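Participant: What follows is a predicted structure for the sequence shown.
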Amino acid sequence: MSFRSIWGQVKRERQRFGRFGFQLFAFATWIPVVAMFNHYVGELAWINGPSMYPFLNAEKDQTTRKDVVVNYKLNAQYDLRRGMIVTFWNPYDPELVTVKRIVGLEGDIIKTRNPYPYPTVRVPRGHVWVEGDGGERLSRDSNDYGPISTNLIIGKVTHVLWPLHRFGRVRWWEYAGNIRN
């Protein structure tokens, strides 16, 4: 093998690595962009458990698949309305993200369920009352831990992506009139 053929092979390897290195660099530069988008703007969320049944995880008894939703995070703590489904840091376990429906806004008087110690509560300023659609047996919600601070809210569920037969926008305003106060 001559010096020229070896040098040609080294040159080809360097060019191939150069292309790979550039592609790797180009890919790596998008990682912070995607991470910032997920942290501040929105992300996909997989819904676990029966607490939002029947609206989310409606097929909980027929399949192990989870519903996939869009969790919109930009300005999530503002313009909150009754009926909206929100994600928030669980007051009992701050590393756990929980999903519930807003039942009461600040100043509202709520008729509570067990195990809340009082029959009614006035939602304090800067707080909301959240409950799961599944009822008291299937949901740990404000009836367990009381009103939650709006500062704990990290996102609003805006769209259902999976299962496909329920694909579309979350029409929370249709539930706002059915909420018991």
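Facilitator: That came through fine.

Participant: Geometric centre of the protein: which residue is closest?
Facilitator: The chain has residue 71 as the residue nearest its centroid, 4.1 Å off, counting by Cα atoms, centre = their mean.

Participant: For that one, pull up the helix or strand it's in.
Facilitator: Taking DSSP states H and E as the criterion, residue 71 maps to strand 67-72.

Participant: other SSEs contacting the next helix or strand after that strand?
Facilitator: Proceeding N to C from strand 67-72, the next assigned helix or strand is strand 85-89, under DSSP H and E. The contact analysis (3 or more Cβ pairs under 8 Å, 6 or more residues apart in numbering; DSSP states H and E) places strand 85-89 against strand 97-104, strand 127-131, strand 153-162. Backbone N, C-alpha and C define where each C-beta goes, glycine included.

Participant: Would you map the strands across the chain?
Facilitator: 42-47, 67-72, 85-89, 97-104, 109-111, 120-122, 127-131, 148-149, 153-162, 168-169 (DSSP state E).

Participant: Tabulate those strands (CSV), appending mean pLDDT.
Facilitator: CSV is the format used below for those (pLDDT from 0 to 100):
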stretch, mean pLDDT
strand 42-47, 92
strand 67-72, 94
strand 85-89, 96
strand 97-104, 94
strand 109-111, 94
strand 120-122, 96
strand 127-131, 96
strand 148-149, 96
strand 153-162, 95
strand 168-169, 93
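
Participant: Give me whichever of these is most buried.
Facilitator: Greatest average neighbour count among the strands of the chain goes to strand 127-131 (a mean of 25), per mean count of other Cβ atoms under 10 Å.

Participant: So residue 74 sits against residue 41, correct?
Facilitator: Yes - at 5.2 Å, residue 74 counts as touching residue 41 under the criterion of Cβ atoms under 8 Å.

Participant: low pLDDT regions in this protein?
Facilitator: 1-11, 13-18, 22, 60-64, 176-181 (pLDDT under 70).

Participant: Where do the domain boundaries of it fall?
Facilitator: Split into domains by automatic domain parsing, the chain comes to 1-40, 41-176.

Participant: looking at those, which is buried most?
Facilitator: Note that of the domains of the chain, domain 41-176 is the most buried (mean count of other Cβ under 10 Å), with a mean of 17.
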